[in-house]
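Chemist: quick one, what's the 3D model for this:
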Amino acid sequence: MSDAKSSDVSSDATAASSMAKILDAHAKMETQCGEIFVQFAATFAEHPELRRMWTLMALEEGGHAAVVRAVNRGLVSGLLKAKSLLLPLEYLDSLGAQLKEYQRRAEEGVPLDLALQITWELECSEMDFMREMLVSSSNLAALGFPTDDEGKDEHVGRLRRLIQKYTTDEALRREVKFVSSELLRPFPTGDDN
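Modeler: Predicted coordinates for the structure are as follows:
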């Protein structure tokens with residue numbers, strides 16, 4: 001094998017190894033998010049709508065973790081191809097520490113407003129960014145991995161409605177309303193003169 005091809009193979013192996021570490025951490029974080037939501041569902045079981053929302057969210061997080069683990073196996077087996085991610089492991093450590101703190105607080109018990117705030121932050125956080133990076137840095141879309149936002153929009157819309165209904169935190173209410181209006185604003189086409 002020529003030195004150039006050997007270097008390419010080594011580079012691909014390094015990228016795959018780095019991606020495998022990132023995916024392993026990502027799957028663990030998705031699972032941890034699900035555990036947080038299960039805790040909230042149990043803590044606020046007297047509100048059937050909220051219990052149902054958190055239970056569904058926990059199931060979705062479990063599904064995300066399963067997909068990430070499957071992607072990792074596909075990457076290791078060579079079925080999936082991935083570009084090197086520009087995501088430093090320190091970033092993952094920081095996100096992992098944040099999730100650990102959220103989980104500690106959920107286990108200790110938090111007021112409803114804080115549970116809703118944590119849920120909102122997790123849904124609009126780096127976890128979503130990591131999922132987008134996973135799709136954009138691999139050939140998942142070409143393999144039929146669902147990349148549309150329809151399910152996510154419905155999910156976040158449900159969360160927005162329940163936050164508006166149940167929170168007494170006006171800052172959270174305004175943030176959710178602001179983000180909702182920003183997402184619904186028409187995208188500029190450049191034809192406005």
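Chemist: and E170, how far from H47?
Modeler: 20 Å (Cβ to Cβ, to the nearest Å). Every C-beta, even on glycine, is put in place using the N, C-alpha and C of the backbone.
Chemist: of these two, which one has the most company?
Modeler: Comparing E170 with H47 by other Cβ atoms under 10 Å, the one with more neighbours is H47, at 16 against 9.
Chemist: does that one touch T167 like I think?
Modeler: No: using Cβ atoms under 8 Å, H47 makes no contact with T167, being 12.0 Å away.
Chemist: quick check: neighbours shared by the two?
Modeler: Residues touching both H47 and T167 (Cβ atoms under 8 Å, 6 or more residues apart in numbering) are L112.
Chemist: can you show me the helices along this protein?
Modeler: 3-43, 48-77, 89-108, 112-123, 126-136, 150-166, 170-184 (DSSP state H).
Chemist: and L87, what's its pLDDT?
Modeler: With respect to pLDDT, L87 scores 58.
Chemist: with the one 4 residues further on instead?
Modeler: Model confidence at Y91, given as pLDDT, is 73.
Chemist: which one of the helices of the chain has the most crowded surroundings?
Modeler: Highest mean neighbour count of the helices of the chain: helix 112-123, a mean of 20 (counted as mean count of other Cβ atoms under 10 Å).
Chemist: run the angle between that one and helix 89-108 for me.
Modeler: Inter-element angle recorded for helix 112-123 and helix 89-108: 150 degrees (by axes from the mean of the first three to the mean of the last three Cα atoms, to 10 degrees).
Chemist: can I get helix 112-123 in CSV, CA atoms only?
Modeler: C-alpha atoms of helix 112-123 as CSV (Å, rounded to 0.1, in the frame of the first residue of the first chain):
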residue,chain,number,x,y,z
LEU,A,112,-42.8,22.4,38.7
ASP,A,113,-41.5,25.6,37.2
LEU,A,114,-37.9,24.4,37.5
ALA,A,115,-38.9,21.0,36.0
LEU,A,116,-40.4,22.8,33.0
GLN,A,117,-37.4,25.1,32.7
ILE,A,118,-35.0,22.1,32.7
THR,A,119,-37.2,20.3,30.1
TRP,A,120,-37.3,23.3,27.9
GLU,A,121,-33.5,23.7,28.1
LEU,A,122,-32.9,20.1,27.3
GLU,A,123,-35.2,20.2,24.3
